[in-house]
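Undergrad: Prediction below, plus the sequence it came from.
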Amino acid sequence: MTTPAPIAVALDAPDLETAARWAGLVTPHVSTVKVGLELYLRYGPDVIASVRGASGVRVFLDLKLHDIPNTVGAAARAVARLKPTYLTVHAAGGPAMVRAAVEAAPGTQIAAVTLLTSLSEADLAGIGIQGPPEDVVRRMAAVAVGAGAQALVCSPREVAAVRAEVGPDVTLITPGVRLAGADTQDQARVATPEEAIAQGADLLVIGRPITGAPDPGAAAAGIAAALRRVSP
Ligand SMILES: O=c1ccn([C@@H]2O[C@H](COP(=O)(O)O)[C@@H](O)[C@H]2O)c(=O)[nH]1
């Protein structure tokens with residue numbers, strides 16, 4: 001039996017039945033499934049047990065918490081009992097907010113989102129932030145890790161720079177993954193799965209390229225095999 005690939009499949013499904021079916025199809029091939037706002041807001045905490053099933057797959061709870069430190073700490077404490085492997089917060093909430101999440105969820109890796117992968121340099125300029133996304137990502141990464149975050153979310157394009165900034169012990173998670181030549185949809189800063197791994201990503205978040213395929217299980221198996229070829 002082969003080791004599951006370092007992929008978190010984003011279960012961005014309209015209903016629980018679809019999410020659980022996708023989870024069942026992909027879990028032989030990937031290490032992790034990701035629950036985001038769509039499912040969690042519709043179904044609440046019960047969704048975690050439904051997608052985890054009996055497989056023991058890791059669960060990544062992508063709630064992107066962003067509020068004052070007291071509120072984020074309380075929210076992180078509330079979901080820590082679900083034992084997700086990862087829980088996201090926005091690094092832009094600042095060091096006290098990130099630290100509040102870290103302290104409230106000791107059994108979970110707090111993953112700080114540095115800069116959404118849907119944002120381009122032009123988008124940043126539009127909200128008054130000048131310069132390349134990589135500069136923002138590196139600054140956010142340093143702040144979040146300084147506050148205790150054990151994982152960071154960035155695009156595959158920045159992963160090497162972030163690794164140089166924060167060192168080998170932080171888990172680097174990359175959404176914004178697309179197969180060569182595919183439509184990037186609403187993602188702005190993208191790379192292929194092979195490129196993301198070659199740049200040093202630890203975990204690739206992949207949603208629609210797998211869940212939108214006619215056979216999500218086969219799509220996950222295909223990407224997992226491609227990753228094994230570049231990183232046996
Ligand atoms: O910066 C970020 C942070 C989180 N995401 C999430 O990842 C998946 C990506 O799905 P695709 O279908 O592969 O685009 C999705 O759940 C996002 O909420 C992100 O894309 N970028």
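TA: Structure's in. What do you need? Quick caveat, the model's predicted, so the values are computed rather than measured. Residues are numbered from 1 along each chain as shown.
Undergrad: how many other residues sit next to the residue in the chain that the ligand sits nearest to?
TA: Using Cβ to the nearest ligand atom, the closest approach of the chain to the ligand is made by Gly207 at 2.6 Å. From N, CA and C alone the C-beta is placed, and that goes for glycine too. For Gly207, the count of nearby residues is 20 (other Cβ atoms under 10 Å).
Undergrad: repeat for the one 3 residues further on
TA: Counted by other Cβ under 10 Å, the residues lying close to Ile210 total 27.
Undergrad: May I ask you to confirm that Ala201 belongs to a helix?
TA: No. The assignment for Ala201, made by DSSP: H, G, I helix; E, B strand; the rest coil, is coil rather than a helix.
Undergrad: tell me the contacts of the residue lying closest to the residue of the chain closest to the ligand once chain neighbours are set aside?
TA: Using Cβ to Cβ, 6 or more residues apart in numbering and skipping residues adjacent in sequence, the residue nearest Gly207 is Ala10, 3.1 Å away. Residues near Ala10 by Cβ atoms under 8 Å, 6 or more residues apart in numbering: 34, 36, 62, 175, 205-208, 211.
Undergrad: Among the residues you listed, name the buried ones.
TA: Among the contacts of Ala10, those scoring as buried are 34, 36, 62, 175, 205-207, 211 (criterion: 16 or more other Cβ atoms under 10 Å).
Undergrad: could I get those residues as JSON lines with secondary structure and pLDDT?
TA: Output for these, formatted as JSON lines (DSSP: H, G, I helix; E, B strand; the rest coil; pLDDT from 0 to 100):
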{"residue": "Lys34", "secondary structure": "strand", "pLDDT": "98"}
{"residue": "Gly36", "secondary structure": "coil", "pLDDT": "98"}
{"residue": "Asp62", "secondary structure": "strand", "pLDDT": "98"}
{"residue": "Pro175", "secondary structure": "coil", "pLDDT": "98"}
{"residue": "Val205", "secondary structure": "strand", "pLDDT": "99"}
{"residue": "Ile206", "secondary structure": "strand", "pLDDT": "98"}
{"residue": "Gly207", "secondary structure": "coil", "pLDDT": "98"}
{"residue": "Thr211", "secondary structure": "helix", "pLDDT": "98"}
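Undergrad: which pair in those residues spans the largest distance?
TA: Based on Cβ to Cβ, the longest span within the buried ones among the contacts of Ala10 runs between Asp62 and Thr211 and measures 14.3 Å.
Undergrad: circling back to that earlier point, let me have the buried ones among the contacts of Ala10 in TSV, adding distance to Ser155 as columns.
TA: Output for those, formatted as TSV (distance: Cβ to Cβ, whole Å):
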residue	distance to Ser155
Lys34	16
Gly36	17
Asp62	15
Pro175	7
Val205	10
Ile206	13
Gly207	14
Thr211	20
